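Asker: Pasting a predicted model and its sequence here:
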Amino acid sequence: MRSSALVAAQFALIVALVATTEPLATPVANAIAFALVIAGTFVGFGALASNRPGNFNVRPELKDSARLVTEGIYAHVRHPMYLSVLLLMAAALAADPRLWRIALWAALLAVLIAKARREEGYLRARFPQYAEYMQRTARLLPRIY
């Protein structure tokens, strides 16, 4: 799948999850959703704190001025912005966990993994030290994946 198609799919799935959320308003669902929003926000701000905004690109291709960031939250996970998106969309899912919405979230996960793999190919080509960084740092979940 081309990069532009991956980005379009990512945003379409995010819009679909947000626009179709009908909160259940149960205390447990609300607590889980709130915890996921806090976690997703924390991860997203951690990425912004470690990586200057000009280094970000919505597409997996690297900007000419790209630099490799391996400190801060990037010392624990290679793609914290993707993790942030997944956590925030999991909050929408926790608020309204209908089966077809779970499938949307799973599709979003697949799209973000495809984007991460493509981006990692560019990073390995540009930064020789990236292969070693991949060996010691999880893609999305510290010590898991």
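Answerer: Thanks, I have it.
Asker: quick one: stretch 108-115 to chain centroid distance?
Answerer: Taking the mean of its C-alpha atoms, stretch 108-115 sits 8 Å from the chain's own mean (Cα atoms, centre = their mean, to the nearest Å).
Asker: now stretch 90-100
Answerer: Put simply, stretch 90-100 sits 17 Å off its chain's centre (Cα atoms, centre = their mean).
Asker: any residues touching it, and which ones?
Answerer: 17-18, 20-24, 29-30, 32-34, 36-37, 40, 101-102, 105 (Cβ atoms under 8 Å, 6 or more residues apart in numbering). All C-beta atoms are positioned from the backbone trio N, CA, C, and that covers glycine.
Asker: Narrow those to just the buried residues.
Answerer: Neighbour counting by 16 or more other Cβ atoms under 10 Å classes 17, 21, 29, 32-33, 36-37, 40, 101, 105 among these as buried.
Asker: what's the closest of those residues to A8?
Answerer: Lowest distance from A8 to the buried ones among the contacts of stretch 90-100 (Cβ to Cβ) belongs to L17, with 15.1 Å.
Asker: Tell me where the model's unsure across the protein.
Answerer: Applying pLDDT under 70 to the chain flags the ranges 25.
Asker: center of it, which residue is that?
Answerer: Among the residues of the chain, the one closest to the centroid is Y82, at 1.0 Å (Cα atoms, centre = their mean).
Asker: A138 is in contact with that residue, correct?
Answerer: No - the pair Y82 / A138 is not scored as a contact, 11.9 Å apart, by Cβ atoms under 8 Å.
Asker: What separation do you get for T21 and M134?
Answerer: Distance of T21 to M134, given as Cβ to Cβ, to the nearest Å: 35 Å.
Asker: what's the answer for A5, then?
Answerer: Using Cβ to Cβ, A5 is found at 25 Å from M134.
Asker: and the strand or helix carrying A12, which residues are buried?
Answerer: Assigning secondary structure by DSSP states H and E places A12 in helix 3-19. By neighbour count with 16+ other Cβ under 10 Å, helix 3-19 contains the buried residues 3, 6-7, 9-10, 13-14, 16-17.
Asker: List just the nearest of those residues to R59.
Answerer: S3 (4.9 Å).
Asker: residues making contact with stretch 41-58?
Answerer: Residues from elsewhere that reach stretch 41-58 (Cβ under 8 Å, 6+ apart): 7, 63, 65-67, 69, 71-74, 77, 80-81, 83-84, 87-88.
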